[in-house]
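Participant: show me the folded form of this:
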Amino acid sequence: MMSMTVSNMAKYAMAKQDFDPQSQKNQNLSPEEKEWRSLSQEERHFRNLIAAGGDPWMSPDYPGAGKEYIIPVSKDIEALARKEIRDAFLKNQGFVNSADAESYSKKFRDYAKSQSGPERRAIMYTIDQIGKDEVSKIEQKIKSVDANWSPRQSFDPKIIQEYLQEQMQIEGIDQKV
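Facilitator: Take a look at the predicted model:
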C-alpha cells in the first residue's frame, strides 16, 4: 500500500471532489441562504434567539451588549437576591433548589425586562454580583465559627440563623438612618 502525506491526501480529496467555491451547488442558493451561510455561528445563534421571541440582551454572550457593569436596582430586587442565597444556605446547606431557583430567576428576568435593552444585561449582572456578595458574607460567617469548614461541607444551621439576626439588626439600623 502506498503512503501519502497529509498534503497529498488533501490535494487528492480536493481533485476528487472537483472542489469549486462557486460550484453549481452554491449558485442555486437563495440570497437569504447565502447570507445565512456567511454568518458566524454566534450571529446565527442570536438571530435564532430573536426569531424565537428571546431577548438577546438577557444573554451574557450577546456581542452588542457591551461591558458588564453594576447599576442600581430596586431595594425589593436586591432583598430578593439576598433572600434567595440566604434560603439556600438555611434550607439546603447552600445548595439552591431548582424549583426555587426558577421562581427567583423568573422574578429577576421580569424585572430586567421592564428596563431598556442595554440595562437588562447590567441588571442581571448586578443581581449576580449581589448573590456572590451574599455567599461570600455567609461563607465568612461560617468560617468564623468553624475554621475548618470549606464550601460544600455541611455546617450547623444555627450559624445561618445567627447571621440572619445580625443582618436584620444591621439592615434595621440602615433603614432608621
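
Participant: after the worst-scoring helix or strand of the chain on mean pLDDT comes which helix or strand?
Facilitator: Sorting the helices and strands of the chain by mean pLDDT, DSSP states H and E puts helix 24-27 at the bottom, at a mean of 55. Going down the chain from helix 24-27, the next helix or strand is helix 31-38, by DSSP states H and E.

Participant: which strands and helices sit next to that following helix?
Facilitator: With contacts taken as 3 or more C-beta pairs under 8 Å, 6 or more residues apart in numbering; DSSP states H and E, helix 31-38 sits against no other helix or strand. Backbone N, C-alpha and C define where each C-beta goes, glycine included.

Participant: the very next helix or strand once past it: how far from the chain's middle?
Facilitator: Sequence order places helix 41-51 as the next helix or strand after helix 31-38, per DSSP H and E. Distance of helix 41-51 from the chain centroid (C-alpha atoms, centre = their mean, to the nearest Å) equals 17 Å.

Participant: swap in stretch 92-106?
Facilitator: Offset of stretch 92-106 from its chain centre (C-alpha atoms, centre = their mean): 15 Å.

Participant: report the buried residues of it.
Facilitator: Within stretch 92-106, the residues that count as buried by 16 or more other C-beta atoms under 10 Å are 94, 96, 104.
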